[in-house]
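Enquirer: What follows is a protein structure lacking sequence information:
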């Protein structure tokens, strides 16, 4: 699957969240992400929605 990478703002819009909430999820490890060579955060919607759907312990 060749899914398009989303920016923080684009992901927030898809999930109905504020971009700051996304960044906090990155910091606490609940939102999977990667960084571009320039240091920008990018996300794959399918991976993020799967991670958020997993029950927490």
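Expert: Yep, it's here. What you see is a predicted model, and the numbers here were worked out from it, not measured in a lab.

Enquirer: which residue ranges form the helices in this structure?
Expert: Under the criterion DSSP state H, the chain contains helices at 8-15, 19-28, 45-53.

Enquirer: Quick one, which of those gets closest to residue 38.
Expert: Ranking these by proximity to residue 38 (CB to CB) places helix 8-15 first, at 13.9 Å. Using the backbone N, CA and C atoms, a C-beta is placed for each residue, glycine as well.

Enquirer: Can you name the residues in contact with the lowest-mean-pLDDT helix or strand in the chain?
Expert: Across the helices and strands of the chain, mean confidence by mean pLDDT, DSSP states H and E is lowest for helix 45-53: a mean of 94. Helix 45-53 is contacted by residues 1, 3, 6, 11, 14-15, 30-32 when judged by CB atoms under 8 Å, 6 or more residues apart in numbering.

Enquirer: Can you tell me which of the residues you listed is closest to residue 56?
Expert: residue 30 (8.2 Å).

Enquirer: Quick check: closest non-adjacent residue to the closest one.
Expert: Nearest in space to residue 30, with sequence neighbours left out and distances taken as CB to CB, 6 or more residues apart in numbering, is residue 51 at 6.7 Å.

Enquirer: Tally up the residues packed near that neighbour, please.
Expert: Number of residues near residue 51 (other CB atoms under 10 Å) recorded here: 15.

Enquirer: same thing with the one 4 residues further on?
Expert: As a burial measure, residue 55 scores 4 neighbours (other CB under 10 Å).

Enquirer: and the residue nearest to residue 19 when sequence neighbours are not counted, how far is that from residue 30?
Expert: The shortest distance from residue 19 to any non-neighbouring residue, by CB to CB, 6+ apart, is to residue 12 (4.5 Å). Counting by CB to CB, to the nearest Å, the gap between residue 12 and residue 30 amounts to 14 Å.
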